[in-house]
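Enquirer: Sequence and predicted structure, then a few things I'm wondering about:
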Amino acid sequence: MQPFARGVSAALDIVARAAIGIAGVAMVAMVLIVAWGVFGRFVLNDTPSWAEASALLLLAWVILGAAAAGVREGFHMGFDTLRDVLPEPLTRLFRVLSDLVVTLFGAAMAWYGGELALEVWDATLPTLGLPGTVEYLPLVMGGVLIALFGLERLLAHAVTGEAPAGVPEHTLLTDA
């Protein structure tokens, strides 16, 4: 079972790094698009109509990609303040409960985001000319990743009694 768990963890590490990579590329693209929009508005006196809509779409990819990787690294919201004052058995219970809530939230994001995406498939985003479902793809993908990474944490709790130790070994995100 250990080699399988290590293989799954290694695969999810690649997925988390890809999510951060996509979020990084989206951030750079968003900055360039916003800069072009500002240049067009104040220098050329001709604002590109697609700039704001595409920047907001990219922002969704940035936020949800980084949020998913944050779940894997344990940076998600939780019951930290309450957990720190409780005795150890309750602390463990709140860690599991926190990971369970985040996992269910990610699954709900994916499910309901998918429903929204399907409902607006035939609509077209006027400024971008793309199908309306494109707006909800970050929500669906982010939800799937959050649920996957939360599930990994829950399975680690079930097997070892603790959240994944050192997942990932060198964190992608820091609070510095």
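Expert: Arrived safely, thanks for sending. Remember, it's a predicted structure, so these values are computed and weren't measured experimentally.

Enquirer: Run through the chain and note the low-pLDDT ranges.
Expert: 1-2, 4-5, 76-79, 163-176 (pLDDT under 70).

Enquirer: mind redoing it with 50?
Expert: 167-176 (pLDDT under 50).

Enquirer: Tell me where the longest helix sits in it.
Expert: Counting residues, the longest helix found in the chain (DSSP state H) is helix 2-42.

Enquirer: Tell me the first helix or strand C-terminal of that helix.
Expert: On the C-terminal side of helix 2-42, the nearest following helix or strand under DSSP states H and E is helix 50-73.

Enquirer: helices and strands around that following helix, which ones?
Expert: helix 2-42, helix 88-119, helix 137-160 (3 or more Cβ pairs under 8 Å, 6 or more residues apart in numbering; DSSP states H and E). Where C-beta positions appear, they are placed from N, C-alpha and C, glycine not excepted.

Enquirer: run the last query once more with 7 Å
Expert: helix 2-42, helix 137-160 (3 or more Cβ pairs under 7 Å, 6 or more residues apart in numbering; DSSP states H and E).

Enquirer: where does Pro87 fall, phi/psi-wise?
Expert: Main-chain torsions, Pro87, degrees, to the nearest 10: phi -70, psi 160.

Enquirer: That one - how many residues pack around it?
Expert: Pro87 has 7 neighbouring residues, counting by other Cβ atoms under 10 Å.

Enquirer: And it, how far from Ala16?
Expert: Counting by Cβ to Cβ, to the nearest Å, the separation of Pro87 from Ala16 is 32 Å.

Enquirer: cool, and Met30?
Expert: For Met30, the distance to Ala16 - Cβ to Cβ - is 21 Å.

Enquirer: ok, the two, which is more surrounded?
Expert: Ala16 (26 against 19).

Enquirer: Is that one in contact with Val71, as I believe?
Expert: No. In this structure Ala16 lies outside contact range of Val71 using Cβ atoms under 7 Å: 9.1 Å.

Enquirer: so what sits against both of these two?
Expert: Common contacts of Ala16 and Val71, defined by Cβ atoms under 7 Å, 6 or more residues apart in numbering, comprise Phe149.

Enquirer: Help me confirm that Glu162 is found in a strand?
Expert: No. According to DSSP: H, G, I helix; E, B strand; the rest coil, the state of Glu162 is coil, so it is not within a strand.

Enquirer: For burial, what's the neighbour tally of it?
Expert: With other Cβ under 10 Å as criterion, Glu162 counts 12.
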